[in-house]
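**Q** This is a predicted model, with the sequence first.
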Amino acid sequence: MKSSPQQSYDEYLLLIDPGQDTVKEIIEERDYFVGNYQSDYSVSLKPYITLLRAVTLADSNQSKELIRVIDDMSKRMKKFQLWLNGYSIFRGTNDLYINVMNKMKISSFIGDFRKRIKQEPVDSLGNVNLVEESHITLASKIDQNELDRLVKEYEYRPFEKEFWVKSLVLLKRRVNMSSSRITHFSKFKEFRLG
């Protein structure tokens, strides 16, 4: 009797890496949060701006097509500068994040990607979710009591940083549906702009 193949899929995150200097400052802010709010809500991942999340069948043409489209679109983009300024909160999920102020280039990329998806054959790229609100998460799922105290401080807490975006980074992880083991994302490919 033949055993059925394990079901698995590949999950991708396309993101903007703010660079070492900016990441260092964001991690200092995260450490400040942890030290002052004695909370487990701090996001432990490296800070980044997510552009899209995609799920494809493992080792399928969907993955190849997704990478081809991202590569093509990255070549059409020129490097650009982003400005981070201040904090905001997603109510409902109670996430504290750093604002991305000049989102025009990101919004343009998301809009162009949406149009491009419509041009591709149905399901050729897998399941693609585009992120509409550009941000860098600092802390997630904050308790309501902590949130009320936090809002008063972070409303006026300064944070400003500018950086150049010269490439997009694609992270990947394999998820096996028949295993409870969690796999972590790792860098899969970098796409140079223009």
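**A** Received the coordinates, thanks. Predicted, not measured: the structure shown is a model, and the values here were computed from it. Residues are numbered from 1 along each chain as shown.

**Q** from here on, contacts and neighbour counts on C-alpha atoms
**A** Fine.

**Q** my guess is Thr50 is in a strand, correct?
**A** Yes - inclusion of Thr50 in a strand is indicated when DSSP: H, G, I helix; E, B strand; the rest coil is applied.

**Q** So for it, what's the nearest residue that isn't a sequence neighbour?
**A** With CA to CA, 6 or more residues apart in numbering as the criterion, Thr50 has its nearest non-adjacent residue at 4.3 Å, and that residue is Leu15.

**Q** Tell me if I'm right that the one you found and Lys172 touch.
**A** No - judged on CA atoms under 8 Å, Leu15 makes no contact with Lys172 at a distance of 11.3 Å.

**Q** Give me the more crowded residue out of the two.
**A** Taking neighbours as other CA atoms under 10 Å, Leu15 and Lys172 compare with Lys172 leading, 21 against 18.

**Q** what about the more buried one, helix or strand, and which?
**A** Per DSSP states H and E: Lys172 is located in strand 167-176.

**Q** Next, the contact list for the spatially most central residue of the chain, please.
**A** Central residue of the chain (CA atoms, centre = their mean): Thr50, 2.1 Å from the mean position. Residues counted as contacts of Thr50 (CA atoms under 8 Å, 6 or more residues apart in numbering) are 13-16, 131, 134-135.

**Q** now Ala58
**A** Shown in contact with Ala58 (CA under 8 Å, 6+ apart): 8-10, 174.

**Q** tell me the phi and psi of it?
**A** Main-chain torsions, Ala58, degrees, to the nearest 10: phi -60, psi 140.
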